[in-house]
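Asker: output the structure for:
(one chain, ligands or ions: 1)
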Amino acid sequence: MPSFASLTALVAAVGLVAASPVSLEKRKAFTVEQVEKGKFIRNGAASVASTYLKYGKAVPANIAAAAAAQGSVAASPSDEYDSSYLCPVDVGGTTMELDFDTGSADLWVFSSLQPSSQTAGHAVYQASSSKVKSGYTWKISYGDGSGAAGKVYADKVVVGGVTATSQAVEAATSISTQFQQDTNNDGLLGLSFSSINTVKPKAQTTFFDTVKSTLAKPLFGVDLKYHAAGTYDFGFIDTSKFSGAVTYVDVDSSQGFWGFTASGYIVGNGTQSSTSIDAIADTGTTLLYIPLAAVKAYYKEVSGAKLDSTQGGYTFPCSATLPDWTAIIGGTKHTIPGKYINYAPISDGSSTCFGGIQDDSDIGQSIFGDIFLKSQYVVFNGASTPKLGFAQQ
Ligand SMILES: O=C(c1ccc(-c2ccco2)nc1O)N(Cc1ccccn1)C1CC1
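Answerer: Numbering: from 1, shown residues only. I've put the predicted structure just below:
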């Protein structure tokens, strides 16, 4: 039987309300609620909700709502070709249309720090000195040669009702011409791993990593669509958005990306090619970039297709019939309908179209961008061992 002193110390140690010694003496036993290591409750509402449940009581709606956050936001094509998808985000009280990018880790926005010539037609984040993270800067360059740089603020960011009360908001002071010309896009919201966030002197967390612990489940579901608005679901999987099972595969996050391996592919109704394709799932990349051998095998089945160095990739007559393309992931088939692989005319009004499947040789890795992702419901599971899940839409 522990001594009175040790019991008192134990009570103090676990932070229970210290009963007066007499009452402690009277209480023959008391409960110290234990939670599994690493599963401690991270928010008050969740704690209160668990107590209601513990005593078999219904959890009031307001408490349940606050306990485990979840929410959805629309992802709308930026143009008629699905070049990118934009989502409305409340950044410090201003609604901004952001490109959610699982291939990068910075949340950066057009801002009042830029010359007004660069921000015409855009929503602009009002950078206020009271919110600045003094001495912090950021600078990012993307694979297509675009880039941006600026200063860092801490502000409230709300996505589909899920709130990050103090999110690193990277306000642009300068942006590349590609971003200046894209008048639909007010910035990027990175959803890769925070390890590649570019803020100095101290890397910041992505929106997802900032809110993860408050979410019902540490994941987000991505439902991009062909020539239509889809959604990003935070904290839950919306099973109404896909048919069949979700196939999960391991993630290699060593480069900061959602890396995975496909074990092969099928062109149309042909035979399966069993070859490992190391790729990343990147919502911020428009096209599907795969090894040259697989690209050649695909366009061999498309009449009039050719590698056009002037255009920088494979093109074909816009009237061509395109075969489906199937990736084997986790032993199951995940198919892009052929029509999704016609990206866009090479120029407005042209009858020559640019292929949605292109060569990854200059990139150094395969990239499963929107051309593939829009055929699936994709689960980005950020648990301690991350996973990627794919389900045919
Ligand atoms: O655009 C990027 C990209 C994204 C983030 C970063 C970065 C640097 C530092 C932190 O993040 N660097 C990139 O380059 N792609 C797609 C890509 C790469 C090359 C050619 C075409 N597309 C990254 C996901 C692979």
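
Asker: mind listing what the nearest residue to residue 212 once chain neighbours are set aside touches?
Answerer: Spatially, and ignoring its direct neighbours in sequence, residue 212 is nearest to residue 218 (4.9 Å; Cβ to Cβ, 6 or more residues apart in numbering). (C-beta placed from N, C-alpha, C; glycine too.) Counting by Cβ atoms under 8 Å, 6 or more residues apart in numbering, residue 218 touches 212, 381, 382, 383.

Asker: now swap in residue 392 and tell me
Answerer: 242, 243, 244, 333, 334, 335, 375, 376.

Asker: what about the third one, how many neighbours?
Answerer: Residue crowding around residue 244 was assessed by other Cβ atoms under 10 Å; the count is 10.

Asker: surely it meets residue 391?
Answerer: Yes: counting by Cβ atoms under 8 Å, residue 391 is a contact partner of residue 244 at 6.1 Å.

Asker: please list the residues of the stretch 101-250 of the chain that sit near the ligand.
Answerer: Neighbours of the ligand within the stretch 101-250 of the chain, by Cβ under 6 Å from any ligand atom: 103, 104, 140, 142, 143, 144, 196, 198.

Asker: so residue 294, which state does it fall into?
Answerer: helix (DSSP: H, G, I helix; E, B strand; the rest coil).

Asker: help me confirm that residue 179 is found in a strand?
Answerer: No: looking at residue 179 with three-state DSSP, it is helix, so not inside a strand.

Asker: ok, it touching residue 185?
Answerer: Yes: counting by Cβ under 8 Å, residue 179 does reach residue 185; the two are 6.8 Å apart.

Asker: show me where the stretch 1-150 of the chain has its helices.
Answerer: 4-14, 21-26, 44-54, 61-67, 116-119 (DSSP state H, counting those that start in this stretch).

Asker: which among the residues of the stretch 101-250 of the chain next to the ligand count as buried?
Answerer: For these, a neighbour count by 16 or more other Cβ atoms under 10 Å gives the buried set as 103, 104, 140, 142, 196, 198.

Asker: which residues touch the nearest residue to the second one once chain neighbours are set aside?
Answerer: Excluding the flanking residues, the one nearest residue 104 by Cβ to Cβ, 6+ apart is residue 190, at 4.3 Å. For residue 190, the residues meeting the contact criterion (Cβ under 8 Å, 6+ apart) are 101, 104, 105, 106, 107, 197, 206, 207.

Asker: between those residues, which sits nearest the ligand?
Answerer: residue 104 (3.6 Å; Cβ to the nearest ligand atom).

Asker: for that closest one, give me its contacts.
Answerer: With Cβ under 8 Å, 6+ apart, residue 104 has these contacts: 140, 142, 188, 190, 192, 196, 284.

Asker: now do 7 Å
Answerer: 140, 188, 190, 192, 284 (Cβ atoms under 7 Å, 6 or more residues apart in numbering).

Asker: over to residue 243?
Answerer: residue 392.

Asker: got phi/psi on it?
Answerer: phi -110, psi 160 (degrees, to the nearest 10).

Asker: of residue 179 and residue 185, who's got more company?
Answerer: residue 179 (23 against 19).

Asker: hang on, the more buried one packs against residue 148?
Answerer: Yes: in this structure, residue 179 is within contact of residue 148 by Cβ atoms under 7 Å, at 6.2 Å.

Asker: need the residues touching each of these two.
Answerer: With Cβ under 7 Å, 6+ apart, residue 179 and residue 148 have no common neighbours.

Asker: can you give me the buried ones in the helix or strand residue 367 falls within?
Answerer: Element membership of residue 367 [criterion: DSSP states H and E] is strand 366-368. Neighbour-count burial for strand 366-368, counted by 16+ other Cβ under 10 Å, picks out 366, 367, 368.

Asker: partners of that strand in the sheet?
Answerer: Applying DSSP bridges, strand 366-368 is found paired with strand 277-281 (parallel), strand 288-290 (antiparallel).

Asker: out of those strands, deepest packed?
Answerer: strand 288-290 (a mean of 27; mean count of other Cβ atoms under 10 Å).

Asker: what about residue 98, distance to the ligand?
Answerer: Distance, residue 98 to the ligand, using Cβ to the nearest ligand atom, to the nearest Å: 15 Å.

Asker: what about that residue, neighbour count?
Answerer: 27.

Asker: just flag the most distant two among the buried ones among the residues of the stretch 101-250 of the chain next to the ligand.
Answerer: Spatially, the most separated pair among those is 103 and 198, at 13.2 Å (Cβ to Cβ).
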